[in-house]
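Q: coordinates only, no sequence provided:
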Ligand SMILES: O=C(CO)COP(=O)(O)O
Ligand SMILES: O=C[C@H](O)COP(=O)(O)O
Ligand SMILES: [Zn+2]
Ligand SMILES: [Zn+2]
C-alpha cells in the first residue's frame, strides 16, 4: 500500500481532500514531503525527476521572488503584479507537466508577509476564477506569514484567508514564531532568540481559531529554524518543542489523536538527519528546502563551466582543433542540464532523509 491508495487523483497536482489525505498519510507513516523552491521550468523538472525516480510525492513551491522570476526580472513588480503573473504562469506550467512524471504533486506558494498580501490576494483571485471553471483552486495551497506582526493580528488575518480558501478546500500554511536568517529580503539575522521559539499557548489559540473554519491548515511553528546554511553550531534547533505542542493541544482539546496538528519545518537546508527525524516524529509533514538546492543546481553548472572552459570561450575553436565548432558545448540544454542533474541528486537525498521515498 502506498500514498496513492488514499488519493482520488493519483498523479499530477492534487488539491482539497487529497492534500489533507496525503498529509494525514505522511503523519501516520512518519515521513515528510520535501517542499522545493522552484524558480523556472528547469528547477521544476529537476525536482519532478527526483520524485519520479524515488517513487515519492513532492511539493513544489514558489516564493514571491521566485514567482517574479518566473514572470521575468525585467517586469516591474512594485504592486506585486509580476509575482502574481509569474506564480500563475508557473502554476499552469506545473499543472500541465506534473502528470508526465507519474507522482502526486502539491502546488504551493511560500512565505507571504503583510507587505506582500497583494500577491496572495492576486493568486486567490486566480484560484477563484479557476474554481469557477474547474471546481478546484489553481494552487493546492498557499502560505501566509504574519509572524512578524502581533500574534492576535496574525491569527485574525490568517483566519480570514483560511475562510476565503475554505469553499475551494484550499490548504493554508501559517507561520508563528520567526524564522531567522533571510526571506524575501526581510533580514531576521538579528532577532532575539525567544521569538524563534513558538509558545504552546499560541499554537492552541491558532488551532481554536482555525479548526472551526476548515481542516485544511498547517503551522510553521518556530523551533529555532533559520533560512540558509551556516557553520555547524550556529543554529540551535529544538524539534522536541513540536512534541510539546502536540501533547499540550491533545490535552487541552481532549483529543484522542496523539498528533492533532500538522507542522511545517522551515529552513530545512543544512540540518541533520537526526533533526529531520525528530521533527517528523512530532508531526512535521513538510520540510522546506531551498538553499541546499540552489547550491546543488549551481554546482553542476559551475563544474561544467570550469571543466569545459576551453570549449566555451569562443564559438569556434577548442583544444581539439582551431576550426572545431563549440555549439554542442554552449547549448543551454547541455549546461543547464548539468545543474538539473546535481539538483535532482540533492532532491533525491532529501526524499530519502525525510523517509519520503517509496511511498508511491
Ligand atoms: O524555509 C525555506 C523556504 O520557505 C527554505 O529554507 P532553506 O533555504 O534554509 O532550505
Ligand atoms: O523563504 C525562504 C525561501 O528560501 C525563499 O527565498 P527567496 O525569497 O530568496 O526566493
Ligand atoms: Zn517568516
Ligand atoms: Zn521558510
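A: On my side now, so go ahead. Fair warning: this is a prediction, and the values are worked out from it, not measured in the lab. Residues are numbered from 1 along each chain as shown. Ligands and ions are numbered 1, 2, ... in the order given.
Q: so which elements touch the helix or strand hosting residue 164?
A: Following DSSP states H and E, the helix or strand that holds residue 164 is helix 151-165. On a contact count with 3 or more C-beta pairs under 8 Å, 6 or more residues apart in numbering; DSSP states H and E, helix 151-165 meets helix 117-134, strand 141-144, strand 171-176, helix 200-210. All C-beta spots, glycine's among them, are computed from the backbone N, C-alpha and C.
Q: where do the helices of this structure begin and end?
A: With helices called from DSSP state H, the chain shows them at 17-28, 41-53, 64-71, 81-97, 117-134, 151-165, 200-210, 240-253, 273-281, 291-307, 327-330, 332-353.
Q: now the helix holding residue 164: how far from the chain's centre is it?
A: Here the centre of helix 151-165 is set off from its chain's centre by 20 Å, with C-alpha atoms, centre = their mean, to the nearest Å.
Q: residues contacting that helix, please?
A: When contacts are defined by C-beta atoms under 8 Å, 6 or more residues apart in numbering, helix 151-165 is touched by residues 120, 124, 127, 137, 142, 144, 146-147, 149, 171-172, 174, 176, 202, 205-206, 209-210, 213-214, 216-217.
Q: coming back round to it: what's the closest of the helices of the chain to residue 313?
A: Evaluated with C-beta to C-beta, the helices of the chain place helix 327-330 nearest to residue 313, the distance being 9.8 Å.
Q: who's in contact with the closest one?
A: With C-beta under 8 Å, 6+ apart, helix 327-330 has contacts from 308, 311, 312, 315, 318, 334, 335.
Q: report the rounded mean pLDDT for that helix.
A: Summarised as a single mean, pLDDT over helix 327-330 is 98.
Q: same question, stretch 211-218
A: 98.
Q: report the buried residues of that stretch.
A: By neighbour count with 16 or more other C-beta atoms under 10 Å, stretch 211-218 contains the buried residues 213, 214, 216, 217, 218.
Q: touching ligand 1 at all, it?
A: No. Judged by C-beta under 6 Å from any ligand atom, stretch 211-218 stays clear of ligand 1, getting no closer than 12.8 Å.
Q: begin at 106 from here
A: That works, and once the first residue is 106, the last one we named lands at stretch 316-323.
Q: and that stretch, anywhere near ligand 4?
A: No. Contact of stretch 316-323 with ligand 4 (C-beta under 5 Å from the ion) is absent, the minimum separation being 12.8 Å.
Q: for the residue lying closest to residue 326 once chain neighbours are set aside, what are phi and psi?
A: Nearest non-adjacent residue to residue 326, counting by C-beta to C-beta, 6 or more residues apart in numbering: residue 303, 4.1 Å away. With angles defined as degrees, to the nearest 10, residue 303 sits at phi -80, psi 150.
Q: so which of the buried residues of stretch 316-323 are in strands?
A: Within the buried residues of stretch 316-323, residues falling in strands by DSSP state E are 322, 323.
Q: for the buried residues of stretch 316-323, which one is nearest ligand 1?
A: residue 323 (12.8 Å; C-beta to the nearest ligand atom).
Q: so what's that closest one bridging to?
A: Note on residue 323: beta-bridge partners by DSSP bridges are residue 278.
Q: quick check: it vs residue 307, distance?
A: 15 Å (C-beta to C-beta, to the nearest Å).
Q: rewinding a little: let me have the helices of the chain in CSV, extended by distance to ligand 4.
A: Formatted as CSV, these follow (distance: least, C-beta to the ion, whole Å):
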stretch, distance to ligand 4
helix 122-133, 18
helix 146-158, 17
helix 169-176, 12
helix 186-202, 16
helix 222-239, 15
helix 256-270, 16
helix 305-315, 17
helix 345-358, 16
helix 378-386, 14
helix 396-412, 10
helix 432-435, 35
helix 437-458, 15
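Q: who wins for proximity to ligand 1 among those?
A: Once the helices of the chain are compared by C-beta to the nearest ligand atom, helix 396-412 is nearest, at 3.4 Å.
Q: between helix 146-158 and the closest one, find me the angle.
A: Interaxial angle, helix 396-412 versus helix 146-158 (axes from the mean of the first three to the mean of the last three C-alpha atoms, to 10 degrees): 110 degrees.
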